[in-house]
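Chemist: Based on what follows, work out the 3D shape:
(one chain, ligands or ions: 1)
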Amino acid sequence: MEAKTREMILVLDFGGQYNQLIARRVREDHVYCEVHPHTLGLDKIRAMAPKGIILTGGPNSVYREDSATCPEELFKLGIPVLGICYGSQLMAHKLGGRVETAPTSEYGKTEVEIIASQSKLFEDVDKKTICWMSHTDYIAAAPAGFRVTARTPACPVAAMENEAEHLYAVQFHPEVMHTAQGKTMLKNFVYNVCSCTGDWRMGSFVQETVAGLKQKIGSGKALCALSGGVDSSVAAVLLSKAIGKQLTCVFVDHGLLRKDEGDQVEAVFGPDGPYELNFIRVNAKERFYKKLEGVTEPERKRKLIGEEFIRVFEDVAQEIGAVDYLVQGTIYPDVIESGLGNSATIKSHHNVGGLPDFVDFREIVEPLRLLFKDEVREAGRELGIPDYLVNRQPFPGPGLGIRIIGAVTKEKVKIVQEADAIYREEVEKAGVQGLGQYFAALTNMRSVGVMGDGRTYDYAIALRAVMTSDFMTAESAQLPWDVLQKVTSRIVNEVKGVNRVLYDCTGKPPATIEFE
Ligand code: XMP
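Modeler: Sure, this is the predicted structure:
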């Protein structure tokens, strides 16, 4: 698929925290949007021919010599520009306005007064509206040719515009949900100012991608490591639609999956499923359990599982022989992070094992590299992948290996699988909404209990449920007590080896979401 043929909004990143959010908001409005570093040259920008440019926030002051900047010509390309926070100050600074340290910095929800009687950016926005502010500098005077369109008691230029030149600036952050009418403002920019029509639709993305893959791969062969997670499942189905049996998917069942998960993946991708492809399920449980015998240190477990995964995959790949393409489920947030050189933000434990050494392939193909996670799910729905795969919660690569504290054994895997299945079933049945992730873990603690007339000395299961949007921080969810009681009673009655159930009330930080 060629992104250039469709309408595009370009986000230039000046190091703000919300760059991805801006792109997601624009795409929610059905306009394709890409994030690039602020150093992207003018020639490249011209070649991309975006319908509009958004300058993000950033941590610096525009008047410092070493601050991220942009050429003044950026504002003279005839392409509409919206500057947000630092981006707004940069616009003011470059075009002859005055940016200063604000006497009072504003942080958090702030009432903003829209003073312009008519503004394309503020159409359908209330005269007084709550916006998210986070700044220590402000625009003290707008450049010539601009009119001030909004203010707060502490900020004389909360928004400004030069309609004739298509230049707009807001001191606050319309992309964050705390800005009550931020969605409307961004939509106004994209449609009213940039005259987009909204041609970013998942249905056409899927069609174009399948056609593009067909053309690129021709009669070649592709190999895909399928985990059953959302990304690899959607990538595999796109490939299968494009090249059918020329695709081989290898699904390594490491014996650390959730209850029945291996069979569920096989039901969809195996020979009885709806898709045309070669499906190889490798039942490697014993190999993994053997490797993990007696290993208690979490990072060591991760490493062993990751390495073993690669070895198993390589063994199969060697049997298959040379292929032309190796399919990877890379998604857009990974592309942005690596493109902007922020690789430090990717946790080491998420890179389970790197690329296999001995797989003979010519090129990597990444059909999802332009999509955000929610878009991957939408593509999955378009492709008719069952909901239970498309809506799956995140599940770590090392699987239950890091939800069993201490050494992993076959028996412990069974216990945590059963407990987790009961927990998920009851939470779903109760219709609890808004959970980012929830699961059962097996503690390494045994304690005394009583069952019937007998003494027991069994394990404690820990239940975890968190609310989070970015998985970097999380709050423990307040699950309804009756749900917890039901789950507890079912686990102690139905799962042999468990006599106690605990609920984890810790947030992240100081805990992590997983137990190891
Ligand atoms: P933590 O435990 O670091 O988890 O708060 C944050 C998110 O990352 C997932 N996670 C992993 N994913 N391999 C993965 O692929 C791992 O080793 C791993 N450890 C944690 C976790 O499930 C949560 O969504």
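Chemist: use CA for all of it now, contacts and neighbours both
Modeler: Fine.
Chemist: buried ones in the helix ranked longest in the chain?
Modeler: Determined from DSSP state H, the single longest helix within the chain is helix 298-320. Buried residues in helix 298-320, counting neighbours by 16 or more other C-alpha atoms under 10 Å, are found at 298, 301-314, 316-317.
Chemist: do stretch 378-396 as well
Modeler: Within stretch 378-396, the residues scored as buried using 16+ other C-alpha under 10 Å are 378-383, 385, 389-391, 395-396.
Chemist: can you narrow the residues you listed to ones near the ligand?
Modeler: 395-396 (C-alpha under 6 Å from any ligand atom).
Chemist: Take the buried residues of stretch 378-396 and write them to a markdown table, including pLDDT and secondary structure.
Modeler: A markdown table is the format used below for the buried residues of stretch 378-396 (pLDDT from 0 to 100; DSSP: H, G, I helix; E, B strand; the rest coil):
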| residue | pLDDT | secondary structure |
| --- | --- | --- |
| Glu378 | 96 | helix |
| Ala379 | 97 | helix |
| Gly380 | 97 | helix |
| Arg381 | 96 | helix |
| Glu382 | 95 | helix |
| Leu383 | 95 | coil |
| Ile385 | 94 | coil |
| Leu389 | 91 | helix |
| Val390 | 94 | helix |
| Asn391 | 90 | coil |
| Phe395 | 95 | coil |
| Pro396 | 94 | coil |
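Chemist: Quickly check the buried residues of stretch 378-396 for the two that are furthest apart.
Modeler: Taking C-alpha to C-alpha as the measure, the buried residues of stretch 378-396 span a maximum distance of 25.4 Å, between Glu382 and Pro396.
Chemist: what about whatever helix or strand Val487 lives in, average pLDDT?
Modeler: According to DSSP states H and E, Val487 maps onto helix 481-494. Averaging pLDDT along helix 481-494 yields 98.
Chemist: buried stuff in that helix?
Modeler: 483-484, 487-488, 491-492.
Chemist: can I assume Arg500 sits in a strand?
Modeler: Yes. Under DSSP: H, G, I helix; E, B strand; the rest coil, Arg500 falls within a strand.
Chemist: That one and the ligand, how far apart?
Modeler: Distance of Arg500 to the ligand, computed by C-alpha to the nearest ligand atom, to the nearest Å: 23 Å.
Chemist: Quick check: nearest residue in space to that residue, chain neighbours excluded?
Modeler: Distance criterion C-alpha to C-alpha, 6 or more residues apart in numbering; nearest residue to Arg500, sequence neighbours excluded, is Ala460 at 4.6 Å.
Chemist: What parts of the stretch 401-516 of the chain come near the ligand?
Modeler: Within the stretch 401-516 of the chain, the positions lying close to the ligand (C-alpha under 6 Å from any ligand atom) are 471, 512-514.
Chemist: which among the residues you listed end up buried?
Modeler: Among those, the ones that count as buried (16+ other C-alpha under 10 Å) are 513-514.
Chemist: Turn the residues of the stretch 401-516 of the chain next to the ligand into a markdown table, including pLDDT and secondary structure.
Modeler: Output for those, formatted as a markdown table (pLDDT from 0 to 100; three-state DSSP):
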| residue | pLDDT | secondary structure |
| --- | --- | --- |
| Phe471 | 86 | coil |
| Thr512 | 95 | coil |
| Ile513 | 96 | coil |
| Glu514 | 96 | coil |
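Chemist: between the residues of the stretch 401-516 of the chain next to the ligand, which is nearest Thr443?
Modeler: Glu514 (11.9 Å).
Chemist: Could you check how far the closest residue to the closest one other than its chain neighbours is from Phe439?
Modeler: Leaving aside its chain neighbours, Glu514 sits nearest to Arg403 (6.9 Å; criterion: C-alpha to C-alpha, 6+ apart). Distance check for Arg403 against Phe439: by C-alpha to C-alpha, to the nearest Å, it reads 9 Å.
Chemist: Same question for Thr209.
Modeler: Taken as C-alpha to C-alpha, the span from Thr209 to Phe439 is 35 Å.
Chemist: Out of those two, name the residue with the larger neighbour count.
Modeler: Taking other C-alpha atoms under 10 Å, Thr209 and Phe439 do not tie; Phe439 has more neighbours (24 against 19).
Chemist: Could you check the pLDDT of the residue of the chain most remote from its centre?
Modeler: Each residue of the chain has a distance to the centre, and by C-alpha atoms, centre = their mean the biggest one is for Asp453: 50.7 Å. With respect to pLDDT, Asp453 scores 88.
Chemist: quick revisit: can you give me every residue that contacts the residue nearest to Glu514?
Modeler: 416, 440-442, 514-516 (C-alpha atoms under 8 Å, 6 or more residues apart in numbering).
Chemist: Now the lowest-mean-pLDDT helix or strand in the chain: buried residues?
Modeler: Taking mean pLDDT, DSSP states H and E as the measure, helix 332-339 is the helix or strand of the chain with the lowest mean score, a mean of 79. Buried residues in helix 332-339, defined by neighbour count with 16+ other C-alpha under 10 Å: 332-334, 336.
Chemist: Can I get these in JSON lines including distance to the ligand?
Modeler: Supplementary listing: these in JSON lines, determined by distance: C-alpha to the nearest ligand atom, whole Å:
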{"residue": "Tyr332", "distance to the ligand": "16"}
{"residue": "Pro333", "distance to the ligand": "14"}
{"residue": "Asp334", "distance to the ligand": "13"}
{"residue": "Ile336", "distance to the ligand": "18"}
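Chemist: of those residues, closest to Glu425?
Modeler: Nearest to Glu425 out of the buried residues of helix 332-339 is Pro333 (C-alpha to C-alpha; 31.0 Å).
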